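*Asks:* Fold the following, please.
(2 chains)
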Amino acid sequence: MNRGGSSPSAAASYLLCTNCRKVLRKDKRIRVSQPLTRGPSAFIPEKEVVQANTVDERTNFLVEEYSTSGRLDNITQVMSLHTQYLESFLRSQFYMLRMDGPLPLPHRHYIAIMAAARHQCSYLINMHVDEFLKTGGIAEWLNGLEYVPQRLKNLNEINKLLAHRPWLITKEHIQKLVKTGENNWSLPELVHAVVLLAHYHALASFVFGSGINPERDPEISNGLRLIPVNNFCVCDLANDNNIENASLTGSNFGIVDSLSELEALMERMKRLQEEREDEEASQEEMTTRFEKEKKESLFVVSGDTFHSFPHSDFEDDMIITSDVSRYIEDPGFGYEDFARRGEEHLPTFRAQDYTWENHGFSLVNRLYSDIGHLLDEKFRMVYNLTYNTMATHEDVDTTMLRRALFNYVHCMFGIRYDDYDYGEVNQLLERSLKVYIKTVTCYPERTTKRMYDSYWRQFKHSEKVHVNLLLMEARMQAELLYALRAITRHLT
Amino acid sequence: MEKMSRVTTALSGSVLTGRTMHCHLDAPANAISVCRDAAQVVVAGRSIFKIYAIEEEQFVEKLNLRVGRKPSLNLSCADVVWHQMDENLLATAATNGVVVTWNLGRPSRNKQDQLFTEHKRTVNKVCFHPTEAHVLLSGSQDGFMKCFDLRRKDSVSTFSGQSESVRDVQFSIRDYFTFASTFENGNVQLWDIRRPDRCERMFTAHNGPVFCCDWHPEDRGWLATGGRDKMVKVWDMATHRAKEVHCVQTIASVARVKWRPECRHHLATCSMMVDHNVYVWDVRRPFVPAAMFEEHRDVTTGIAWRHPHDPSFLLSGSKDSTLCQHLFRDASQPVERANPEGLCYGLFGDLAFAAKESLVATESGRKPYAGDRRHPIFFKRKLDPAEPFAGLASSALNVFEIEPGSGSMSWFVDTAERYALAGRPLAELCDHNAKVARELGRNQVAQTWTMLRIIYCSPGLVPTTNLNHSVGKGSSCGLPLMNSFNLKDMAPGLGSETRLDRSKGDTRSDTVLLDSSATLITNEDNEETEGSDVPTDYLLGDVEGEDDELYLLDPEHAHSEEPEYVLPQEAFPLRHEIVDTPPGPEHLQDKADSPHVSGSEADAASLVPVDSSFSLISVSHALCDSRLPPDFFSALVCDMLRFYAEQGDVQMAVSVLIVLGERVRKDIDEQTQEHWYTSYIDLLQRFCLWNVSNQVVKLSTSRAISCLNQASTTLHVNCSHCKRPMSSRGWVCDRCRRCASMCAVCHHVVKGLFVWCQGCSHGGHLQHIMKWLEGSSHCPAGCGHLCEYS
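*Replies:* Numbers count the residues shown, from 1 in each chain, chains lettered A, B, ... in the order given. The predicted model follows:
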């Protein structure tokens, strides 16, 4: 079985992509080059999403109810493949952006911009620049971090850590922010900010992971402020390498291969379920399995070195970078493998010692009332969401798979579940999927359509969106856990 | 081992002794459990598993069960329990889902006995059967509960909660076959151990996870549950449906709950987050803990009563790596720090006062006054109908009623409504307000306005006749003025008259409590209800014919009454004197100042205001001629404002402050101004003078005040379908799940301004409708109505 990350895939859209790329190369005005037919996502054929949408009155209702912009944006459209989840997502997002909370409305949007900027997610930035101005934000702030009050600027450090290496957050960081002084944060404000940051980091993962297209007609309320949204073009996302290879391989081969892949996965799941009864893995082995998984995640992406310079082909690269980077400091700071940190060996985060259900919830709800319930519902929803299907198979218990995805994300952030056998991750998640997971959660801006296509080729797009939702929420929870633990330590 | 058992048998017969003490553990504890002999305690955590002997003065480490060169995850304990029948038997729940039993009787260093690896997820709780030696129950994150027979290698039966993770399992102490389990989704289930197929009973106990439960040691049906929703609930399971009999509200999520031995209504709780203390509650008194132990510096994770029949020793383990023994007598009792008195005004000025009965009962001598003709005093005694229990206070409630009409504040309302505060030249404002005051018979106030006008406006505009006139008025109001001073000194206010009566009656014999209550009342009156406008005071007092009684209280009455008649005569010479001799500024100031000082101090009373008014009027004439700066008087005016405010007439103080604006504002400190504003606004709102209060807020320059208008500006609209208020968002109804206000033009929901035609009730976004009606006169909804937009 071919589990290699470089296994080529032959989706028809690739051809379109190369065409598109040619057009794009000719025409430098990138936004114009976006064909209108593309739909909300660059990865998912439009008809998949739209079909689901026309049926669903519920989504429209939800949008009317909770959307801050008042229209059906692409994120919502893609998420509407899972209406149940969409509701809790929109509700919590609406709550943190619009309802009673310690932070003023423009600040909330500015924090969202800061968070999205960490991952160069121009989609979210544009969206919130609009909202920021609409809610009465000071336009000058949009010139960059130097123009915002020191207080907001202070958030930068925690934003950076939270986005890339949340395990480094300590109570000292919290203390520095809340220490009485001119620019201090109150704890409720800080919690609100942290929730926003985590939410938008995770959402950036989703945006890149699902290849969300820029909005078709961005309101030109302040055209100058909008960052050219070129890095979303399918071509850009897919042009990393192997285009030629991809078009060379026959499509027949791909399907056969993936079919057997699916069967094999089903087989493994079944086996694991049965094995459980008589399996007696020694404790030492369980520990080493976690370590192994952790270590292995190291190499998952390092094979794809070409990602290091994702935009190098384009002339206007520099513009993007500078446009986005004015909202951040230290743009070079990125995810560093939890396992690699070698000498200064930080202890693994034991999930049982600080769980969302027991600890995180209570703290967050105490300082920023009601958000706890909303997030709780969202986490629960995404974790338990299932249609009991896997690709073409029905009546499948996917619990195991969902848990593996969730825990694998946490594993990359150094969170370990005592009661989980990390061998399962290895069994259930093929290498291409691991590459995808790692990219989406740690370096979302490097996600490509090829990565998206290369795993689980038999699965439906809605199922892949489900995967993205899981990754997003797992990441958000991990960030929240680290931040809240630091706050708890500060309090005790 | 033999040695150990000898120690324990030696102790078991005797009475427990000990003191409040603690010892440091090497690592945070997750749970503790006590041996049945009450002499040993086991502490378990992620990286600790030790047995300590509880000695008189200290904890002594007896045994470390965490052996092996590389401790496995099986030793990372989430819970531990010591068998209550067999002192050699322990069980732990590991975070990796393993249930381990330990036999202290084993000769080897490793006491581990059996290993059950049947759970897939973390085991949250283990529990031994209270009477059966070999039955062990476990509840796990995977949603299953398993019952083990320790004589066998694997579980006897598995119970599926059919819902989320199991947080706690507890065998009933009384019913042999019953156990309770609590779940992360808020449910509590009751199971029969013989019937693993389905639970006997299930109900939702909490909103959010139920972290713990505990059966009452004596009361057969009672089960206490604690949840993340910060509540402890006591359920009566004996009835057909589980009935909530008590509910205790704590300040943080409840991690553990344990009934206190020998005390039927007491239970101990500790919290999972934020709050580090251990509390003991009397469930019948759900708001104040009966006792509180504050030793821990981090969250308490395990609590246990040392002996099942001794209510005074509580053990606790904590994340701060300490093990504590708390003695009940050393506990701090929040009740002692609570304020046992309550005081509240009713809607119509009635006053209710509740205090500890023991305090009130002592003053039985007061009872005769209850029959007072005008101000009946109700004396209610409310005793808890339940059986008596210690530590609970019953309180007495007194209600003081005000005679209908006596507290009339119509003058206040009239004044508030008719005063002009802005929008006209200062002179006109002053004149207007003076006129209003005069019409309401408040001559002193009228006088003040006139004076202000003279001070701050060009004097040429004031005809002398007018001056004289006001002077005459001023003198005629001398009498009420003086009275008010006296009253204020003593105990002014209408409503307080009876109270004065009473205090007069039992002045000497009264208890401290009554005195304090009396002063409280008068203070309140002065500031709020009464607004203590001077003339009214007098008039009402007159009507009731209470003068004598009032004055009886005033030792200086006779003295103060006399000069008032002399006043008018004295006034004229004074005026002449000043007018005739143009005085130097310093002299002037002295003259001007002194009356006010005495006025505000209210000693010797009377005369003064009238005097000052005269002097001021005349002075101002002289001054303006000599071109004194306009802020020359500001100190004086400020004193005047303070005087009014002190009298309780904040209305006057605030009105003048607003009318004069910049002229005096800087001379009065921000805080005082704020205080005046807030009291005035409060008063206005009590009288439902919303417009006036809003005007005042708007006109105020203090930041704290003007932001009052920014708060709670929400107005809920009703849903057009179900006619219910839409509480969460203005454009969607939670009940009928529909968007309420659609724009007839763009067919989107209107989230901002909604404009609609009153004829056909269609409408939409303001801009859309405007645009539409420019081109068409028909309704955009197509109903055919000819809408009008103006």
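
*Asks:* Show me where the stretch 351-492 of chain A has its strands.
*Replies:* Ranges of strands within the stretch 351-492 of chain A are A:389-390, A:393-394, A:415-416, based on DSSP state E, counting those that start in this stretch.

*Asks:* can you check the stretch 651-790 of chain B too?
*Replies:* For the stretch 651-790 of chain B, the strands defined by DSSP E, counting those that start in this stretch cover B:732-733, B:738-739, B:754-756, B:763-765.

*Asks:* Report the separation between the two terminal residues of stretch B:280-292.
*Replies:* 6 Å (C-alpha to C-alpha, to the nearest Å).

*Asks:* meant to ask about stretch B:705-721, not that
*Replies:* Termini of stretch B:705-721 sit 39 Å apart (C-alpha to C-alpha).

*Asks:* quick one: average confidence on that stretch?
*Replies:* Stretch B:705-721 carries an average pLDDT of 69.

*Asks:* Spell out which residues of the stretch 1-150 of chain B are next to chain A.
*Replies:* Taking C-beta under 8 Å from any C-beta of the partner chain as the contact definition, the stretch 1-150 of chain B meets chain A at B:46, B:70, B:72-74, B:76, B:78, B:94-97, B:117, B:119-122, B:141. C-beta here means a position set from N, CA and C on the backbone, and glycine is covered the same way.

*Asks:* how does chain B divide into domains?
*Replies:* In the assignment given by the TED database, the structural domains of chain B cover B:342-380+B:391-400, B:409-455+B:630-710, B:721-789.

*Asks:* so which of these comes closest to A:L203?
*Replies:* With C-beta to C-beta, the closest approach to A:L203 among these belongs to domain B:721-789: 21.8 Å.

*Asks:* on that earlier part again, could you save the strands of the stretch 651-790 of chain B as a markdown table and add columns showing mean neighbour count?
*Replies:* Shown next, in a markdown table, are the strands of the stretch 651-790 of chain B (neighbours: other C-beta atoms under 10 Å in any protein chain shown):
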| stretch | mean neighbour count |
| --- | --- |
| strand B:732-733 | 22 |
| strand B:738-739 | 18 |
| strand B:754-756 | 17 |
| strand B:763-765 | 24 |
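
*Asks:* Between the ones you listed, which one is closest to B:F128.
*Replies:* That would be strand B:732-733 among these, by C-beta to C-beta, at 53.1 Å.

*Asks:* Is that closest one positioned near chain A?
*Replies:* Yes - Strand B:732-733 reaches chain A (C-beta under 8 Å from any C-beta) through B:V732.

*Asks:* Give the other helices and strands that that strand contacts.
*Replies:* Judged by 3 or more C-beta pairs under 8 Å, 6 or more residues apart in numbering or on different chains; DSSP states H and E, strand B:732-733 is in contact with strand B:738-739.

*Asks:* 10 Å instead, please
*Replies:* helix A:57-66, strand B:738-739 (3 or more C-beta pairs under 10 Å, 6 or more residues apart in numbering or on different chains; DSSP states H and E).

*Asks:* right, and those - which one's nearest B:T178?
*Replies:* Using C-beta to C-beta, the helices and strands packed on strand B:732-733 put helix A:57-66 closest to B:T178, at 43.9 Å.

*Asks:* list the buried ones in that closest one?
*Replies:* Neighbour-count burial for helix A:57-66 flags A:59, A:61-66 (criterion: 16 or more other C-beta atoms under 10 Å in any protein chain shown).

*Asks:* which ones among those come in contact with chain B?
*Replies:* For chain B, the contacts drawn from the buried residues of helix A:57-66 by C-beta under 10 Å from any C-beta of the partner chain are A:61-66.

*Asks:* Model confidence for the closest residue to A:T492 other than its chain neighbours, exactly?
*Replies:* Take A:T492 and drop its neighbours on the chain: the residue closest to it by C-beta to C-beta, 6 or more residues apart in numbering or on different chains is B:D298, 5.0 Å away. Note on B:D298: pLDDT of 88.

*Asks:* who touches B:D298 in this structure?
*Replies:* A:488-489, A:491-492, B:28, B:276, B:318-322 (C-beta atoms under 10 Å, 6 or more residues apart in numbering or on different chains).

*Asks:* Looking at those, which gets the smallest pLDDT?
*Replies:* A:T492 (79).

*Asks:* Could you count how many residues lie near that residue?
*Replies:* Number of residues near A:T492 (other C-beta atoms under 10 Å in any protein chain shown) recorded here: 15.
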